[in-house]
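>>> Give me the fold of what follows.
(one chain, ligands or ions: 1)
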Amino acid sequence: MSATRNKIITKSLQTNVWNQKVAGDLQLITSPLLEKFPNLVHGFTTRLGGESKAPYDSFNLGRHVEDEGVREDAIKNRARLCEALGLDFEKAAIPGQVHSSTVKSVEENHERPEMKSVDGLLTGSIGLPLILHFADCVPVIVYDPVRSVAGIFHAGWRGTASRIVRVGVEKMIGEYGCHAGDMVAAVGPAIGRCCYPTGEEAFQQLQKTVDYPDSLFGDMDGQKCPDLKAINAMQLMESGVEEVDVSHWCTACNPEIFYSHRQSGGITGRQAAIVALTR
Ligand SMILES: [Zn+2]
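Model (predicted):
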């Protein structure tokens, strides 16, 4: 194994402590790395501080359920999130996620692309919030401060296996003239390998893309436990992104703070990741 690959693997397994912050009247989690950039607004929501009822309590942003009351509350919560960050909810881009590797660009004064079946968004427009939803899957934000382009990605095991972050980085390079070396990235709160035993299919699909080392998989009663945060970090670094900030939070270990599909048995709300460029 090459020294470069070894270094990338070691770095991808390093996590940083991301603290809870108050934004407006909300409890958000932010990346210490992304916080350094004054022209970027970002946040990863928690389930705290809203009024959604159990089992979606309390700051649910997902409209994945049939209950009309829950769906309406989610819209209000999305608007509250934008307001807390000083962003215009009317401009927000919020796609229908399907665990694909489809990434679309959204720009002010351009017709909005078809937003069904989209799991990654890019923008170079100031003040246009990009929002995705999560309950264990990996939220990733990529930012190029030189070209002023932001991207956000939803990477569960399927999105990770189809390397959605790599697709996103390549699109930033191809469509916006970005350089991977200028980009920074944050890998947010998601299920850790401490809580994520998967079937053989997930393991095989993940391994098919790159021959990941055993250090990126845990083991639980003979089942492989992929470290999806580390695998996404590794994919980013292999794409040329050198600075990647990986959150220490496991969503399933902390059900009082996060919605977790696994931990809840499947009936739960959704937290969001949000990013926008500012002046
Ligand atoms: Zn865990």
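>>> For the stretch 51-200 of the chain, just list every one of the strands.
In the stretch 51-200 of the chain, the strands defined using DSSP state E, counting those that start in this stretch lie at 103-105, 120-123, 130-134, 138-144, 149-155, 184-187.
>>> Dump the last one to CSV, keeping only the CA atoms.
Taking C-alpha atoms only, strand 184-187 is exported to CSV below (Å, rounded to 0.1, in the frame of the first residue of the first chain):
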residue,chain,number,x,y,z
VAL,A,184,-12.6,22.1,2.3
ALA,A,185,-15.2,19.6,3.5
ALA,A,186,-17.2,18.7,6.6
VAL,A,187,-18.6,15.2,7.2
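>>> who touches it?
31, 33-34, 37, 42, 138-143, 145, 165, 229, 232-233, 236, 241, 243-247 (CB atoms under 8 Å, 6 or more residues apart in numbering). For every residue, glycine as well, the C-beta is placed using N, CA and C.
>>> same check, this time on the fifth one
Identification of contacts with strand 149-155 by CB under 8 Å, 6+ apart yields 40, 97, 99, 103, 119-124, 130-134, 137-144, 159, 164-165, 168-169, 171-172, 176, 178, 228, 232, 273-277.
>>> Skipping adjacent residues, who's closest to the residue of the stretch 1-150 of the chain found nearest the ion in space?
With CB to the ion, the shortest gap between the stretch 1-150 of the chain and the ion falls at D136, namely 9.8 Å. Distance criterion CB to CB, 6 or more residues apart in numbering; nearest residue to D136, sequence neighbours excluded, is I191 at 4.0 Å.
>>> Let me know the distance separating that neighbour from E107.
Using CB to CB, to the nearest Å, one gets 33 Å for the distance from I191 to E107.
>>> Any stretches of the chain with poor pLDDT?
1 (pLDDT under 70).
>>> what does it have sitting close to the ion?
G192, C194, C195, C250, A252, C253 (CB under 5 Å from the ion).
>>> quick one: which of those is most hemmed in?
G192 (23 neighbours; other CB atoms under 10 Å).
>>> Enumerate every residue touching that residue.
G192 neighbours (CB under 8 Å, 6+ apart): D227, K229, C250, A252, C253.
>>> and the second one, that's in a helix?
Spelled out, it's K229. Yes - assessed with DSSP: H, G, I helix; E, B strand; the rest coil, K229 lies in a helix.
>>> Please list all residues in contact with it.
T15, V138, V187, A190, G192, V246, S247.
>>> make it 7 Å
By CB atoms under 7 Å, 6 or more residues apart in numbering, the contact set of K229 is V138, V187, A190, V246.
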